[in-house]
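>>> pasted the sequence and its predicted model underneath.
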Amino acid sequence: MSHPLAVGVGSPHGDDRAGWLVIERLHELGVSKADARIVQSPTELCHLGSPQRPLLVCDAGRSDAAAGIIDVCTWPAQSLPVCRGGTHDVSLGDALSLSLHLGAIPSTVAIWIINGRDFRPLSEPSRAVIIAAAQLADHLWSEWHHA
Amino acid sequence: MSDEETIAVPILTRVEGEGALTIRLRNGQLDDVQLRIYEPPRLFETLLQGRPLEDAPDITARICGICPVAYQMSSIHALENALGVIVSPQIRHLRRLLYCGEWIESHALHVHLLHAPDFFDAASGMELARRFPDEMRRGLRLKKHGNELVAAIGGRAIHPVNVAVGGFHRWPPRDELRRLIPDFEWGLQAACEATRWVAGFAYPDFQSDAEFVALSLTGEYAMNEGEIASSRHPSIAVKEYRRHFVERQVAHSTALQGGRTPDHSPYLLGPLSRINLNFEHLLPQARRLATEIGFSVPCRNPFRAAIARCLEVVHAYEDALRILLSLDFSGPCRHAYQPELSVGRAATEAPRGTLFHEYEIDARGKIVRAVIVPPTSQNQTQIEADLRARLHQQLTAGTLRETLAVDAERLVRSYDPCISCATHFLQVRWEDA
């Protein structure tokens, strides 16, 4: 089965783990570790992707939305959801632009943002984020399965 | 009537934070130049007052997303100085390894994404990536290595959480660090290639008369400790820092400006000063490479700080590999201490230069007073002095004013100023009197 490369951006700290949780659930569903990757910095997209293969990025966000609310957009046609603060040294938007210029990603990328609230070091992800990540992974799996 | 003209760069681009540049001309001659930092004061020193001393490393790390390790290192060393804690060689080595990670990620980012575009008339790192994809990919891999090393030791790449007063909260997983060795062996060679690439840039001809200031230490290229050395004055102990260096408020900047006592004379911190003062302590590959590319010290051209930064990346890879290959986590990862009323001071070498911290603590371990002097606030006075000299040179040569603004902004960028933690787009605004 051919499906997009899925990349989860995040860290092991609280709701910042959201992107990783999606990828971990995809692994449980049988997606290989080569097809669903976790990274800490969005600049790693420059080394993971290719222009030929569809790409899907899952990341955590911090906005006024409640924890567990999922935003989705198609970059660059749609701008990324506005977040307050961030844990990346180079923003996801800048990293995507750079990767596009380097010919490392396709010209459109599906971005899924799970909103979180608690990003304290080494804290557990909130229940709402865990549920949202599982639902998103199941949705992606089902979409790929029926494609 | 005099003919006045103002050249304004209202937003400096590809620097960390928010600043601007104003150049005033009178009768075609330079009247004044101001590096204006308008980002609001962030009041970290006040924020620390009354808090447990253990909070200082994590709070001060938030000052910068690019060099959080520097703030953690200076704060813990200053607090340990106050507490009388002397850490074990194992802890000392691990801190140095952590700092190597930050130097690699910060320098690789600045050289490739922020500074290199200037030498190709490119508006951004994105544009340069189209023209030099292999070089930019290599630069990003170097940056990634630095981030991975910081994450492996510190728990995460940005604002690490494992650093503690007295040591570390825990020893990092040995396997996770050893796993980095093949990447770092590749990275050392890649950093040498990046240095050769950067050494080939066309550098403007400009000589600064700056006094170079950096930490200096017998036997190694100073990072976490040393005396404060100078190209003009005798070295001083870090505890004497505030007798020799002061900050003052100027009307055009929300950041304090550093200067040397008694006349507030400018001085330069950062890679160029470090390499000029400590060249003999560079590790062998970095030193050999400097000779190969014809980089000799003292180097007085601030634009060539890009080469100094690259040589420091090579040095940091060599140093990191040396430590990674001989990891020793024997003994406790953290020393105990008993707070008492005391004052401690320390300086370490942030990627952008010497970062000084001073703390007064009480017997309950609460911070009574904190003083943080970042390298960029100290460099501002020198940047303005160099801008004056450079602009005078260019005005004498009849340079067009459009070129003046672009070149002045490039000169500012060559110091890698970290005005705070944001970035960056350019709008040049001209005001004619």
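In hand now; what should we look at? Numbering: from 1, shown residues only, chains lettered A, B, ... in the order given.
>>> give the contact list for A:T43.
Residues counted as contacts of A:T43 (C-beta atoms under 8 Å, 6 or more residues apart in numbering or on different chains) are A:89-90, A:95, A:98-99, B:140, B:143-144. C-betas here are computed from N, CA, C, even on glycine.
>>> turn those residues into JSON lines, columns for pLDDT, secondary structure and neighbour count.
Shown next, in JSON lines, are the contacts of A:T43 (pLDDT from 0 to 100; DSSP: H, G, I helix; E, B strand; the rest coil; neighbours: other C-beta atoms under 10 Å in any protein chain shown):
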{"residue": "A:D89", "pLDDT": "63", "secondary structure": "coil", "neighbour count": "24"}
{"residue": "A:V90", "pLDDT": "74", "secondary structure": "coil", "neighbour count": "22"}
{"residue": "A:A95", "pLDDT": "89", "secondary structure": "helix", "neighbour count": "23"}
{"residue": "A:L98", "pLDDT": "89", "secondary structure": "helix", "neighbour count": "25"}
{"residue": "A:S99", "pLDDT": "92", "secondary structure": "helix", "neighbour count": "27"}
{"residue": "B:L140", "pLDDT": "93", "secondary structure": "helix", "neighbour count": "28"}
{"residue": "B:K143", "pLDDT": "94", "secondary structure": "helix", "neighbour count": "26"}
{"residue": "B:K144", "pLDDT": "92", "secondary structure": "helix", "neighbour count": "23"}
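>>> closest to B:G155 among the residues you listed?
A:D89 (15.3 Å; C-beta to C-beta).
>>> please list the residues of chain B that sit near chain A.
Residues of chain B lying close to chain A by C-beta under 8 Å from any C-beta of the partner chain are B:65-66, B:105, B:109, B:113, B:125-127, B:129-130, B:133, B:136-137, B:140-141, B:143-144, B:147-148, B:151, B:155-159, B:161.
>>> ok, the contacts of A:T43 vs B:C418, which is closest?
For these, the minimum distance to B:C418 (C-beta to C-beta) is 12.5 Å, reached by A:D89.
>>> now the strands for the chain?
Here I'm looking at chain A. Applying DSSP state E to chain A gives strands spanning A:5-9, A:36-39, A:55-61, A:70-75, A:109-115.
>>> chain B was what I was after
Assigned by DSSP E, chain B shows strands spanning B:4-9, B:19-26, B:29-37, B:163-164, B:167-168, B:213-216, B:227-230, B:245-248, B:257-260, B:342-350, B:353-361, B:367-373, B:429-432.
>>> what's the closest of those to B:R92?
B:R92 lies closest to strand B:167-168 among the strands of chain B, at 9.7 Å (C-beta to C-beta).
>>> which strand residues bridge the residue nearest the centre of chain A?
With distances taken as C-alpha atoms, centre = their mean, the residue of chain A nearest its centroid is A:C58 (1.0 Å). Following DSSP bridges, A:C58 is listed with bridge partners A:G8, A:W112.
>>> now B:R248
With DSSP bridges as the criterion, B:R248 is bridged to B:Q257.
>>> quick one on the thing from earlier: let me have the strands of chain B in CSV, adding mean neighbour count and mean pLDDT as columns.
Shown next, in CSV, are these (neighbours: other C-beta atoms under 10 Å in any protein chain shown; pLDDT from 0 to 100):
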stretch, mean neighbour count, mean pLDDT
strand B:4-9, 18, 76
strand B:19-26, 20, 86
strand B:29-37, 19, 85
strand B:163-164, 21, 96
strand B:167-168, 24, 98
strand B:213-216, 26, 98
strand B:227-230, 20, 98
strand B:245-248, 17, 92
strand B:257-260, 22, 92
strand B:342-350, 24, 98
strand B:353-361, 25, 96
strand B:367-373, 19, 93
strand B:429-432, 11, 40
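>>> so can I have TSV of the ones you listed showing distance to B:A78?
Formatted as TSV, the strands of chain B follow (distance: least, C-beta to C-beta, whole Å):
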stretch	distance to B:A78
strand B:4-9	36
strand B:19-26	27
strand B:29-37	24
strand B:163-164	13
strand B:167-168	15
strand B:213-216	14
strand B:227-230	14
strand B:245-248	15
strand B:257-260	17
strand B:342-350	4
strand B:353-361	4
strand B:367-373	9
strand B:429-432	41
